[in-house]
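Enquirer: I'd like to go over a predicted model; first the sequence, then the structure.
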Amino acid sequence: MIRWKFLIPLVALCGMSVPAHAGDDDKVPYWASIDTDLANMRVGPGESYRIAWVYRREHLPVKIVRREGPWRLIEDPDGDKGWMRDLLLSRQRSAIVTGDGLIEMHAEGKAGSPVLWRIEPGVVGLLGNCESGWCGFDVEGHKGFVLSERLWGTGEP
């Protein structure tokens, strides 16, 4: 009988250490961004695998395709895939301008609003809410709205 006194609290403590539900953190794919100005993408999920790419672009958007322990299989805007440590990534949403030619950043999320800036392809910015084909976009403090069709990192991953 004495054994049960110790076993029941032990089982209860073990149950407390496991989350009640997995939540959105376990679902892939999802959007993320590189959270440092220097990040290595490897060919496999571990430090022993060779480095395939070195990224030097903080906030570059990436798609998380798979999880394996602390490693994430990512896809970058060019479609390249490889493994990166979760410590180098952030859930903060960002986007990169794609396509040809400049795009206009407007004061509001509609075509008739004043144009604040013109942005070239390859520019990375933090992503705000997206509604009716327009997304809030922040490029180093220059904030406005751009057409979502010219951004990689919006919509469903």
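Expert: Sure, I can see it. A quick note: this is a predicted structure, and the numbers were derived from the prediction, not measured.

Enquirer: Identify the residues contacting residue 32.
Expert: The contact partners of residue 32, taken as CB atoms under 8 Å, 6 or more residues apart in numbering, are 61, 62, 63, 64, 72, 74, 89, 90, 91, 92. For every residue, glycine as well, the C-beta is placed using N, CA and C.

Enquirer: And what about the third one, helix, strand or coil?
Expert: Reducing the assignment to helix, strand or coil with DSSP: H, G, I helix; E, B strand; the rest coil, the entry for residue 63 is strand.

Enquirer: tell me which element the nearest residue to residue 91 once chain neighbours are set aside falls in.
Expert: Setting aside the residues directly before and after it, residue 91 is nearest to residue 32 in space (CB to CB, 6 or more residues apart in numbering), at 5.9 Å. Here residue 32 sits within strand 30-34, counting by DSSP states H and E.

Enquirer: Return the distance of that strand from the chain's centre.
Expert: Strand 30-34 has its C-alpha centroid displaced from the chain centroid by 1 Å (CA atoms, centre = their mean, to the nearest Å).

Enquirer: could I get it in PDB with only the CA atoms?
Expert: Provided in PDB are the C-alpha atoms of strand 30-34 (Å, rounded to 0.1, in the frame of the first residue of the first chain):
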ATOM      1  CA  TYR A  30       4.100  27.300 -41.500                       C
ATOM      2  CA  TRP A  31       5.800  30.600 -42.300                       C
ATOM      3  CA  ALA A  32       8.800  31.900 -40.300                       C
ATOM      4  CA  SER A  33      11.700  34.200 -40.800                       C
ATOM      5  CA  ILE A  34      15.400  34.100 -40.200                       C
END
